[in-house]
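K.L.:
Whatever this is, show me its structure:
(chains A, B, C and D)
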There are 2 protein chains.
Amino acid sequence: MHILLVEDDLLIAQGLQTGLELQGFTLNHMAHAAAAEQALELGHFDAMILDLGLPDEDGLQLLTRMRQQGKDLPVLILSARDSVLQRVEGLQAGADDYLLKPFDLRELAARLHSLLRRSSGRSTHLIEHHGLAFDPATRETTLHGELVTLSRREQALLGALLQNPGHILSAEQLQDSLYGLGDGVESNAINVHIYNLRRKLGSEVVKTVRGLGYRIGVPREPA
Amino acid sequence: MHILLVEDDLLIAQGLQTGLELQGFTLNHMAHAAAAEQALELGHFDAMILDLGLPDEDGLQLLTRMRQQGKDLPVLILSARDSVLQRVEGLQAGADDYLLKPFDLRELAARLHSLLRRSSGRSTHLIEHHGLAFDPATRETTLHGELVTLSRREQALLGALLQNPGHILSAEQLQDSLYGLGDGVESNAINVHIYNLRRKLGSEVVKTVRGLGYRIGVPREPA
DNA sequence: AGAATCGATTAAGGCAGTATTAAAGGTTAA
DNA sequence: TTAACCTTTAATACTGCCTTAATCGATTCT
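P.N.:
Just a heads-up that it's a prediction; the model follows:
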């Protein structure tokens, strides 16, 4: 799950980043509205966490413009100011949820999950693909009913592939999915993780498309 | 068991806190209705003890509003005023029980237990999980019929894990469960308690999920 | 076929998260 | 008050994950 975090307070951003990454999200952090807008053009995000008090522009303006452009990604507003009016304004501008600072990290995570579940008709609660199932909430992977233990990176990788069945994801895209846009890694780490995934789930789960990338495959039947 | 105590008399609050914590509950204390409401938003509680005479708002109003919002956590009203009318009003506002000041601490504890038992379909009287049983009322733990002596913190830890079978609880969540929201500890105390739990109950009772936290496991069979 | 490119495989090192142990401070009961 | 026990702190040991990097194998292009 790829989240765009737009927040100018670096301390809060830092906390959110580490906290939510532990919960299985991948965050990209932008401190300015302009940078956020650019990021939205460049990459794909599943949701956005938007602070209203930005240095270069009010968050609500950014949100309004996004909606006018037809972008429909779920937006959760973070705000220190609370009043019914504020809340209404935020929701009218096209926000999907509104959370007050200070907030509880778990609540934010829970709301994000529910938001993502709502938005992508498909439940966030269980992604299933030919006997291979991944539950983002409990972070458990099962293959034909058997529980398989995956590391954090392996889970992220599998999640990214499962969310785009049939689509080919380039190594670069997968990298973005694991580390966030740009903050890549300078080796064949993705490769190694793919290898380990195949070791645990069978070589057919991940198909290689030479020159292009990888896509999810149909795992072998149980023995 | 996590209780939200809403009481403006600090002396009473203090007494309840120490008394109920000795009985295995974890309390968070708020002296104002507003603070209580905020706490309810931020964290999870298993029940609420509500004093009616609050400085900023009548407790009944708070309760009524909570119920309108669909919050269904068990509420036990504490009141100095007694009359049939009062009692009826309280219950009509959505209270689950009504206790008069001055009260006996043991009675309060007993009522809390019965309240919790009623509310969580699952009996509060005995949480059982693969031969491992914990009775919150007597605070006794047995493993395959054998009585095991656990310290207060160990009991709280085991209780929290047993109440969420299958779920992963982060060190932070467990900390909240032991000390109340925010009032944390600045060391690896949780870690040490987990270690001691494993020493007493076997290493399999608590499973470590690297990077995320802990969850209850299946204890070893008796010898 | 030979060269070049891309992906697979393997092993090693560093790092972060946990486990373990010991010790000090506090509380409770005799 | 002493003694036993519980809790927290802190230091150290350990484990597994992630990345790196080197090598091997396969495919494509010339």
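
K.L.:
List the contacts of A:Val209.
P.N.:
Each residue near A:Val209 by C-beta atoms under 8 Å, 6 or more residues apart in numbering or on different chains is listed here: A:168, A:215. (Glycine included, C-beta is placed from N, CA and C.)

K.L.:
so A:Thr141 sits in a strand?
P.N.:
Yes. Remark: A:Thr141 belongs to a strand, assigned using DSSP: H, G, I helix; E, B strand; the rest coil.

K.L.:
Now chain A against DNA strand C: closest residue?
P.N.:
A:Thr208 (3.8 Å; C-beta to the nearest atom of the strand).

K.L.:
Distance of that residue relative to A:Leu91?
P.N.:
Counting by C-beta to C-beta, to the nearest Å, the separation of A:Thr208 from A:Leu91 is 45 Å.

K.L.:
Surely A:Ala110 is in a helix?
P.N.:
Yes. The assignment for A:Ala110, made by three-state DSSP, places it in a helix.

K.L.:
So for it, what's the pLDDT?
P.N.:
According to the model's per-residue confidence, A:Ala110 sits at a pLDDT of 71.

K.L.:
Look up how far A:Asp104 lies from it.
P.N.:
With the distance defined as C-beta to C-beta, A:Ala110 ends up 9 Å from A:Asp104.

K.L.:
same deal with A:His129?
P.N.:
Between A:His129 and A:Asp104 the distance is 33 Å, computed by C-beta to C-beta.

K.L.:
Name all residues that make contact with the closest residue in space to A:Leu108 that isn't next to it in sequence.
P.N.:
Using C-beta to C-beta, 6 or more residues apart in numbering or on different chains and skipping the chain neighbours, the partner closest in space to A:Leu108 is A:Leu99 (6.2 Å). Contacts for A:Leu99 (C-beta under 8 Å, 6+ apart) come out as A:76-79, A:107-108, A:111.

K.L.:
could you pull out the strands for chain A?
P.N.:
A:2-6, A:26-30, A:47-51, A:75-79, A:97-100, A:127-129, A:132-135, A:140-143, A:146-148, A:206-209, A:213-216 (DSSP state E).

K.L.:
Compare these and say which comes out lowest on pLDDT.
P.N.:
Within those, confidence is poorest for strand A:97-100, with a mean of 78 (mean pLDDT).

K.L.:
For the closest residue to chain B within chain A, what are phi and psi?
P.N.:
When distances are taken as C-beta to the nearest C-beta, chain A approaches chain B most closely through A:Asp104, which lies 4.6 Å from it. Here the main-chain torsion angles of A:Asp104 (degrees, to the nearest 10) amount to phi -90, psi 130.

K.L.:
correct me, but it touches B:Gly43?
P.N.:
Yes. Counting by C-beta atoms under 8 Å, A:Asp104 sits close enough to B:Gly43 to count as a contact (6.3 Å).

K.L.:
who's more crowded, these two?
P.N.:
Between A:Asp104 and B:Gly43, counted using other C-beta atoms under 10 Å in any protein chain shown, the more crowded position is B:Gly43 (18 against 15).

K.L.:
list the contacts for the more buried one?
P.N.:
Counting by C-beta under 8 Å, 6+ apart, B:Gly43 makes contact with A:104, B:2, B:28, B:176, B:181.

K.L.:
Nearest to B:Glu140, out of those residues: which one, please.
P.N.:
Each of these was checked against B:Glu140 using C-beta to C-beta; the closest is B:His2, at 20.4 Å.

K.L.:
beta partners for the closest one?
P.N.:
B:Thr26 (DSSP bridges).

K.L.:
any idea how far it is from B:Leu174?
P.N.:
In this structure, B:His2 and B:Leu174 are 12 Å apart, going by C-beta to C-beta.

K.L.:
circling back to that earlier point, generate JSON lines for the contacts of B:Gly43, with distance to A:Leu201 as supplementary columns.
P.N.:
Formatted as JSON lines, the entries for these read as follows, by distance: C-beta to C-beta, whole Å:
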{"residue": "A:Asp104", "distance to A:Leu201": "35"}
{"residue": "B:His2", "distance to A:Leu201": "39"}
{"residue": "B:Asn28", "distance to A:Leu201": "44"}
{"residue": "B:Asp176", "distance to A:Leu201": "35"}
{"residue": "B:Leu181", "distance to A:Leu201": "40"}
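
K.L.:
Fine by me, thanks again.
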